[in-house]
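Engineer: here is a sequence with its predicted model. Questions after.
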Amino acid sequence: MGRVAIVVLFIVGGVGWDAAPAQAEDGVRLRATPGWAGRCRSGRPILVRALVSADRLVSGVLSAESTFGPSPAFTEVPVEVAGGTEEEVVLVVPSPFGCGGLRLRLQEGKGTTTTEVGIPDAGDTVLLGLLPGARQATTPPSAVARTGVAAVASLEPDLLDVAGAVAGLDSIGANPADLDGLSVDQRRALVAWVAAGGTLLVDADGPEVLGALPEEWRPSASARRAAGRGQVRLTGSALREGRIDGLAEPGAGAGFGRGGGFAMDDGMGGGGVVGSLQRRSGLRVLSLPVILGALGLYVVLVGPGVRFGLGRLGRLQLTWLVVPFTALVFAGLAVAGGDLLRRGGTTTHLSVVESGAAGAGSRTFIGVPTRTRTTVAAALPAGWLAKPGLEERQARATLRTTAAGQRVQVEGQPGGFVVLGAEGPSLVEGHLAVQLGAEGGQATVQNLLRVPLDDVAVFGPGGVVALGRLEPGATASFAAPARDGQADPEGLAHQVWGGPGKRLADPHTFSVLAGVRRGPDASPGLLAAGWTDQLASPLELRAGRPSGATLVLGRPTDGPPSGEHVGSSNMGMQMTRFVVPSGRAYRLSLAPRGFDGSGPVLVQGQISGGGEALVGGRWVPAADAAALPEGASVDGVVYVRSPLPFLPTLAAT
């Protein structure tokens, strides 16, 4: 993390500061430039470059928050500016509800300088950031993207030191020298960004100059290689020659490292992550019949009970003493009972690691019972992003940058329950390897972690296979579930882990942890998953790292293409990207029950057997897409548009 203030940056085609300066009476000025090329990607953290100018010494705290919808968190950075100078400060602001506006506030003692700036959503525009070696004087401020228009912005390597700064970019362009010049932490941040769904464009002709990237990500025979949820693409000499039309591509919307917020709770039922954490913490909540029974007893006692009892004694005048006394007794019992129920609560966590040979991402949630008013704070590992929850009953989170790194903190209330969330590169050694066999043959799952995994299961497009416990180094065989069965991830998770006393009392927790979409046809593709209680949360509280449960995920690297959601339109259509090996034919299936199976396919310059194809830069109607002919992809990628909420899949024919 290191320094927060960095060298002055510029935006290609958009030089200058977007917000009018806010000036206090004592000569302190504050200006802000948000986003990339003046835009942000909805649901992802917003990069803000704030310029603080002062005629005297300024020492205070600069904070920023989103003004679009209720803000679950704000970011704070300490600032010190010498008189007669100016300094740029970089902040990353959570914005889970979308783009719209930002409010910046410089607090110095009792003095405050405030400015607000608007920022539009990028929408269908692809946001492309270029590292110095890929940036030329002739590089235009905008270009034609594979799926529309791209806005081009400059990207200085120092921004990779700021957690979440590049999360809003869809594509990043670089040359081999740019990659070799990155520090270890910067390279780790770039790898995590690609794995989360980004497209890395490298000006090279072959893999021999890509030593800075994981070996599994280096394109060889083709010019493109799937990399986690993202992809790496070779561009020859196009970037250094300023030829960027057709290079930028949209980034995947799901995956770790994308930041934003999350719905931790399903509401009245205490479901989701909050309910699961409370149950694991040992907190007990009175059932509705018990509460209604206690209220009924109170009403009976202070109503007909008091009147009948005191009437029999001829002391009705004592009613004004008995009723308040009864109310005090019931209130005391309620307070004592609540304290007793909460007394046994312990701090716990629910985490997930999406593992892979080339690296892994992780997401963690910590639940902390608070018996008194207290501040719950946790230190974030390098490169991690806090994920503020949208739980209405919880106070806003503060993301604070200090000399020791970034911390997230929430003010806990008496008798409350605080949930902290964050995500970033995994700190776990090893992964869960999934290897597919020949067509129709047995596939295998191998535990390459140092800890055993319990309740291992394999989820497929049409079912789930339970494998049980896997010791470190152990391998289990399975037959991939048929494609004509249930595809709802939550329903499948409930089959193997759901129910009282089992892993998941509420299956919605699986969707939040694993980052998979919900619905009867929201299959996550082929996915192996297992649990362990032997890994602590990556977040460190004052009392250390809490114990709890960790879900480990693994996906095959040699299986059918796994589509990544890369955008939706206002016409009820969604766009999915598939990175496919060349020389193979694929069949497209939308797999929804009661649906005719047709769907549009984006094929550059030609019409495939799909419902729509991109011809001359626009979507045009085409024949029913039952099969993709060989060569339908462009540079190993296929884009599919399909009606919501049905998710497309590709299978080799």
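Structural biologist: Structure received.

Engineer: CA only for contacts and neighbour counts going forward, please
Structural biologist: OK.

Engineer: point out where the stretch 201-350 of the chain drops to low pLDDT.
Structural biologist: Counting by pLDDT under 70, the stretch 201-350 of the chain shows low-confidence ranges at 221-222, 253-271, 284-287, 338-344.

Engineer: how about the strands in it?
Structural biologist: Assigned by DSSP state E, counting those that start in this stretch, the stretch 201-350 of the chain shows strands spanning 224-227, 230-234, 348-355.

Engineer: measure Gly473 to Val434 for me?
Structural biologist: Per C-alpha to C-alpha, to the nearest Å, Gly473 is found 13 Å from Val434.

Engineer: when these two are compared, which one has more neighbours?
Structural biologist: With neighbours defined as other C-alpha atoms under 10 Å, Gly473 and Val434 compare such that Val434 has more, 26 against 13.

Engineer: on that earlier part again, which among the strands of the stretch 201-350 of the chain is found nearest to Gln107?
Structural biologist: Set against Gln107 and scored by C-alpha to C-alpha, the strands of the stretch 201-350 of the chain come closest in strand 348-355, at 34.5 Å.

Engineer: list the helices and strands that closest one packs on?
Structural biologist: Contacts defined by 3 or more C-alpha pairs under 8 Å, 6 or more residues apart in numbering; DSSP states H and E place strand 348-355 against helix 272-281, strand 361-370, helix 508-514, strand 548-554.

Engineer: redo the strands of the stretch 201-350 of the chain as JSON lines? Include mean neighbour count and distance to Ala122.
Structural biologist: JSON lines is the format used below for these (neighbours: other C-alpha atoms under 10 Å; distance: least, C-alpha to C-alpha, whole Å):
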{"stretch": "strand 224-227", "mean neighbour count": "26", "distance to Ala122": "24"}
{"stretch": "strand 230-234", "mean neighbour count": "26", "distance to Ala122": "19"}
{"stretch": "strand 348-355", "mean neighbour count": "26", "distance to Ala122": "28"}
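
Engineer: list the contacts for Pro538?
Structural biologist: Each residue near Pro538 by C-alpha atoms under 8 Å, 6 or more residues apart in numbering is listed here: Thr364, Leu380, Pro381, Leu427, Arg545.

Engineer: can you add mean neighbour count and distance to Val149 and give the helices and strands packed on strand 348-355 back as JSON lines?
Structural biologist: Listed next are those as JSON lines, based on neighbours: other C-alpha under 10 Å; distance: least, C-alpha to C-alpha, whole Å:
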{"stretch": "helix 272-281", "mean neighbour count": "23", "distance to Val149": "38"}
{"stretch": "strand 361-370", "mean neighbour count": "26", "distance to Val149": "30"}
{"stretch": "helix 508-514", "mean neighbour count": "21", "distance to Val149": "31"}
{"stretch": "strand 548-554", "mean neighbour count": "23", "distance to Val149": "34"}
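
Engineer: who wins for proximity to Ala143 among the ones you listed?
Structural biologist: strand 361-370 (31.5 Å).

Engineer: run through who's touching the longest helix belonging to the chain.
Structural biologist: Determined from DSSP state H, the single longest helix within the chain is helix 319-343. Helix 319-343 has contacts (C-alpha under 8 Å, 6+ apart) with Leu283, Arg284, Val285, Tyr298, Val302, Val306, Arg307, Leu310, Pro369, Arg371, Gly415.

Engineer: now do stretch 210-218
Structural biologist: Identification of contacts with stretch 210-218 by C-alpha under 8 Å, 6+ apart yields 176, 179-180, 187, 191, 207, 225-227, 231-232, 357-358.

Engineer: please repeat the previous calculation with a cut-off of 6 Å.
Structural biologist: Here stretch 210-218 makes contact (C-alpha atoms under 6 Å, 6 or more residues apart in numbering) with Leu179, Asp180, Pro207, Ala227, Ala358.

Engineer: of all pairs in those, which one is the farthest apart?
Structural biologist: Maximum distance among the contacts of stretch 210-218 (C-alpha to C-alpha): 18.6 Å, for Asp180 and Ala227.

Engineer: using TSV, lay out the contacts of stretch 210-218 together with distance to Val464.
Structural biologist: Putting these into TSV (distance: C-alpha to C-alpha, whole Å) gives the following:
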residue	distance to Val464
Leu179	41
Asp180	43
Pro207	37
Ala227	25
Ala358	26
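
Engineer: of all the residues you listed, which comes closest to Val640?
Structural biologist: Ala227 (19.1 Å).

Engineer: quick one: which of the contacts of helix 319-343 is most hemmed in?
Structural biologist: Pro369 (25 neighbours).
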